[in-house]
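**Student:** Output the structure for:
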Amino acid sequence: MAEEQNPALKALRAREVAAAWGVRAATSSYGPSLSASAGWSGFTQQFTDVEPLIRSGEFAANTRYGQCLSNDSVRTGAGLPAAGCAGIQWDP
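**Tutor:** Have a look, this model is predicted:
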């Protein structure tokens, strides 16, 4: 009954219980531990249509060729020799 009515004594008991749990937590972290994991995953991709790849390559080559022609026109306009765009060809 005295313990129930004395706030200082209740606080001490609560602190004692908290400290005991802290000691338990600390000592359990030093013991051996066991963990296990299992999983299964996969990825599949079916290649069915080559047309988008061909169009993408063709577009990239045409873009490079257009940029080369533009660069050459600027170079010749500035009095410099053309770099030549013959090496940029689309070959599917």
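**Student:** measure Gly31 to Arg24 for me?
**Tutor:** 11 Å (CB to CB, to the nearest Å). Where C-beta positions appear, they are placed from N, C-alpha and C, glycine not excepted.
**Student:** Between those two, which has more neighbouring residues?
**Tutor:** Remark: of Gly31 and Arg24, Arg24 carries more neighbours, 10 against 6, as counted by other CB atoms under 10 Å.
**Student:** per-residue confidence averaged over the helix or strand where that one lies?
**Tutor:** Assigned by DSSP states H and E, Arg24 belongs to helix 7-28. Averaging pLDDT along helix 7-28 yields 87.
**Student:** packing partners for that helix?
**Tutor:** helix 2-5 (3 or more CB pairs under 8 Å, 6 or more residues apart in numbering; DSSP states H and E).
**Student:** any residues touching the helix it packs on, and which ones?
**Tutor:** Helix 2-5 is touched from outside by 9-10, 13, with contacts defined as CB atoms under 8 Å, 6 or more residues apart in numbering.
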